[in-house]
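Colleague: Sequence and predicted structure are below.
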Amino acid sequence: MSNSNKSNSSSKSIGAGLLVAFTASLCCITPVFATLAGIGGIASSISWMGPFRPYLIGLTVLVLGFAWYQKLKPRTQEEIDCACEPARPAGGDDERPSFWQSKKFLGIVTVFAVLMLAFPTYSGIFFSNNSNADKVIKVSDNDILNAELSIKGMTCTGCEHSVNAALNNSEGVLEASSSYENGIALVKFDQSKVSVEQLATAVEEATGYKVTGKKIIKEETLNQ
């Protein structure tokens, strides 16, 4: 394979790796920024990508791994001989790789891809403290209820942060937590200020996820 063909193959691998990494992260990044911007409808439009995220991550690793293999594999004798040929005259084709085909650029793309794929693990930094207990003025302990919301569409910890933020931004909420693995959110709230139906609506409007069920649960059930 000539240096030119090898460089073109490497460039395609780099571009494909970057594209797949971005696509794999889209289902996690979009809900977070949609929640912050108050445009949950955008998040719902790409929520269908969630189940494909593990496959896209695997594809990203394979594509970037192939790109690094292309860059680091030992050169053949033919490539070594080509490298020893005299430089081409001015105006001729220069087969030396550009920055976009270099190891340095591949390294930058790899770091960017890792940051994109790891986004769910640090997405919480975009949100404030999850607890509103000190901000809510409780009228009566009898008004404090716990509810469980069943939510469809959460696929990672970034989704959890988005749901928690949507709930904690609602008036009357003391605390909230969610689990994408179980597909639920637990919320403690003052029923004199907000209803469980309003909380479900807040989640759907802020994140684009679908609340498929809601129920009031007893305090003793939570402590079991």
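Modeller: Received the coordinates, thanks.

Colleague: quick one, phi psi at Ser170?
Modeller: The phi and psi torsions at Ser170 (degrees, to the nearest 10) take the values phi -90, psi 140.

Colleague: Roughly how far does it sit from Leu64?
Modeller: With distances defined as CB to CB, to the nearest Å, the gap from Ser170 to Leu64 amounts to 41 Å. (Each C-beta comes from the backbone N, C-alpha and C, glycine too.)

Colleague: The residue nearest to the spatial centre of the chain - nearest residue in space that isn't next to it in sequence?
Modeller: For the chain, the residue lying nearest the average C-alpha position, counting by CA atoms, centre = their mean, turns out to be Cys28 (2.8 Å). Here the nearest residue to Cys28 in space, its sequence neighbours aside, is Gly158; by CB to CB, 6 or more residues apart in numbering that works out to 4.0 Å.

Colleague: Contacts for the host helix or strand of that neighbour, please.
Modeller: Element membership of Gly158 [criterion: DSSP states H and E] is helix 157-168. Judged by CB atoms under 8 Å, 6 or more residues apart in numbering, the contacts made with helix 157-168 from elsewhere in the structure are 28-29, 31-32, 34-36, 43, 50, 119-121, 123-124, 126-128, 130-132, 151, 153-154, 173, 175-180, 185, 187, 199, 202-203, 205-207, 209.

Colleague: So Glu181: helix, strand or coil?
Modeller: Three states are possible here, and by DSSP: H, G, I helix; E, B strand; the rest coil the one that applies to Glu181 is coil.

Colleague: Pop out the phi and psi values for it.
Modeller: Here is the backbone geometry of Glu181 (degrees, to the nearest 10): phi -70, psi -40.

Colleague: pLDDT of the helix or strand where Ile14 lies, averaged?
Modeller: Applying DSSP H and E as the criterion places Ile14 in helix 3-37. When pLDDT is averaged over helix 3-37, the result is 74.
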